[in-house]
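K.L.:
Structure here, sequence nowhere to be found:
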């Protein structure tokens, strides 16, 4: 099991328990990220996430299995576990993605329960933001991150998941890379899988996770593939400043790699012999502006 950021360690622990308890790798990647979705202290995932500029917390998620079957949900409100809605869409409908009010109504009609959350600390932070109503992403500041998870079981089967509340104070209706198959997540059991975190618009523009997997298909290691796609992203976005993107990849042999634009990205790994958080390699050192 491999997951983005330090919180991935908690997600991995649950996923590992599911996997070693007889669950499938798809069960593991779903239930692992559900731990983070349920954490109301997390400001970038789940219903504890910071709202958009209209005050709505909207959720995005996707899931994909070894054979490429996929489910996705975006711009969803008042449902605790968007990752489970995404899986249900994959398994119960002919579609890949449902969004907004239609996604919510479908979820409620298919066994999910509406849950409204009101967090005073989030309301207070939002009220402070409204005084200036200015938004600018800051490297490694928790306003645009995800929990992305990938797994490989003892039979060589893979699966991945990704879930987020998206950018804080985004335009109402904005959807990032996290629920988009090929951008925030891509799984191909013949090769491997990859996921992304950071500023989703940059990831979408290069179909980032798909690009990582395709490079692995043509012989690159997970580490080499992540490095090449980050370099490609930088080439295509000259003048890129204060916008973090990172890729995490796992191949069918169990090798993994990670690389980011700026230093500071971490990922968590859980195997039969290891449970650890690793720093990723990076292209640029981050010098925090002195006025922050």
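P.N.:
On my side now, so go ahead. None of the values given here were measured: they were computed from a predicted structure. Residues are numbered from 1 along each chain as shown.
K.L.:
hey, let's count contacts and neighbours off CA atoms from now on
P.N.:
Fine.
K.L.:
give me the low-pLDDT residue ranges for this protein?
P.N.:
Counting by pLDDT under 70, the chain contains low-confidence residues at 135-144, 288-292.
K.L.:
Show me the helices in it, by range?
P.N.:
For the chain, the helices defined by DSSP state H cover 8-20, 25-37, 82-92, 100-109, 120-130, 200-205, 208-217, 222-235.
K.L.:
Can you check what angle separates the last one from helix 208-217?
P.N.:
What it means is helix 222-235. With axes from the mean of the first three to the mean of the last three C-alpha atoms, to 10 degrees defining the directions, helix 222-235 sits at 130 degrees from helix 208-217.
K.L.:
buried stuff in helix 222-235?
P.N.:
Neighbour-count burial for helix 222-235 flags 222, 223, 224, 225, 226, 227, 228, 229, 230, 231, 233, 234 (criterion: 16 or more other C-alpha atoms under 10 Å).
K.L.:
Other residues contacting that helix?
P.N.:
By C-alpha atoms under 8 Å, 6 or more residues apart in numbering, the surrounding residues in contact with helix 222-235 are 202-203, 206, 208, 211-213, 215-216, 240, 245-251, 255-261, 283.
K.L.:
Recalculate using a threshold of 6 Å.
P.N.:
Here helix 222-235 makes contact (C-alpha atoms under 6 Å, 6 or more residues apart in numbering) with 212, 215, 247, 249, 256, 257, 258, 259.
K.L.:
isn't the fifth one right up against residue 267?
P.N.:
The reference is to residue 256. No - between residue 256 and residue 267 there is no contact under C-alpha atoms under 6 Å: 10.5 Å.
K.L.:
Would you mind telling me which of these two has the busier surroundings?
P.N.:
residue 267 (24 against 19; other C-alpha atoms under 10 Å).
K.L.:
how much space between residue 44 and residue 103?
P.N.:
For residue 44, the distance to residue 103 equals 20 Å [C-alpha to C-alpha, to the nearest Å].
K.L.:
show me what contacts residue 99?
P.N.:
73, 74, 75.
K.L.:
From the residues you listed, which land in strands?
P.N.:
Among those, the residues falling in strands (DSSP state E) are 73, 74, 75.
K.L.:
Save those as JSON lines, and put in neighbour count and distance to residue 149 too.
P.N.:
Formatted as JSON lines, the ones in strands among the contacts of residue 99 follow (neighbours: other C-alpha atoms under 10 Å; distance: C-alpha to C-alpha, whole Å):
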{"residue": "73", "neighbour count": "30", "distance to residue 149": "17"}
{"residue": "74", "neighbour count": "30", "distance to residue 149": "18"}
{"residue": "75", "neighbour count": "26", "distance to residue 149": "20"}
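K.L.:
so which of the residues you listed comes closest to residue 94?
P.N.:
The nearest member of the ones in strands among the contacts of residue 99 to residue 94, counting by C-alpha to C-alpha, is residue 73 at 13.8 Å.
K.L.:
beta partners for that closest one?
P.N.:
For residue 73, the residues forming beta bridges with it (DSSP bridges) are residue 61, residue 98.
K.L.:
so it makes contact with residue 96?
P.N.:
No - the criterion here is C-alpha under 6 Å, and residue 73 misses it with residue 96 at 8.3 Å.
K.L.:
Give the residues shared as contacts by these two.
P.N.:
What both residue 73 and residue 96 touch, as defined by C-alpha under 6 Å, 6+ apart, is an empty set.
K.L.:
Show me what stretch 256-272 is in contact with.
P.N.:
Contact with stretch 256-272 is made by 1-5, 8-9, 222-223, 226-227, 244-250, 275-286, as judged by C-alpha under 6 Å, 6+ apart.
K.L.:
Buried subset of the residues you listed, written for ChimeraX?
P.N.:
Typed into ChimeraX, the line below selects the buried ones among those, using 16+ other C-alpha under 10 Å:
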select :1,2,3,4,5,8,9,222,223,226,227,244,245,246,247,248,249,250,277,279,280,281,282,286
